[in-house]
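[1] Output the structure for:
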Amino acid sequence: MHEKNRKEGAIGETLAQKYLKKQGYKIIECNYANSIGEIDIVAKQKDCYVFVEVKARSTYAYGRPCEAVTPFKQNKIRAVAQVYIKQHRLFNFPCRFDVIEILGEEINHIENAF
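    Got it, this is the predicted structure:
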């Protein structure tokens, strides 16, 4: 990953966290990682755990940011979330997968994205 992309991603994740907090979400963990992969944000909305993938871009040159969350990436996030759920014994809680796409200052929150 290029340094510019890494910086853009970190800024995007910070903006996404601020946005989620404003919407009443509780941020549980950021950049949760295990041997399978990483989840950008684990948040909680009421009793629902929300696994959030953040995609930030500065232009539409490569399409919408959410288009980068391919079926392969979705499956990987699901697998990482399964480990998280087991580790934290969250079997009795609902969960969902959201995508937050950021293009410049614009934030688009896609609930139940996959």
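[2] Grab the longest helix from the protein for me.
    helix 3-22 (DSSP state H).
[3] other SSEs contacting that helix?
    Counting contacts by 3 or more CB pairs under 8 Å, 6 or more residues apart in numbering; DSSP states H and E, helix 3-22 packs against strand 26-33, strand 38-45, strand 48-57, strand 95-103, strand 106-110. (Each C-beta comes from the backbone N, C-alpha and C, glycine too.)
[4] Just the buried positions in the third one, please.
    The neighbour-count check on strand 48-57 (16 or more other CB atoms under 10 Å) flags Y49, V50, F51, V52, E53, V54, K55, A56, R57 as buried.
[5] Report how far apart the opening and closing residues of stretch 22-35 are.
    Start-to-end span of stretch 22-35 (CA to CA, to the nearest Å) is 32 Å.
[6] neighbouring contacts of that stretch?
    The contact list for stretch 22-35, computed with CB atoms under 8 Å, 6 or more residues apart in numbering, reads 13, 17, 20-21, 38-45, 49-50, 80, 83-84, 109.
[7] Filter these down to the buried ones and hand me the PyMOL line.
    Only the buried entries of the contacts of stretch 22-35 go into this PyMOL selection, using 16+ other CB under 10 Å:
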select buried, resi 13+17+20+39+40+41+42+43+44+45+49+50+80+84+109
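[8] on that earlier part again, of the buried residues of strand 48-57, which is the nearest to G9?
    The nearest member of the buried residues of strand 48-57 to G9, counting by CB to CB, is A56 at 5.8 Å.
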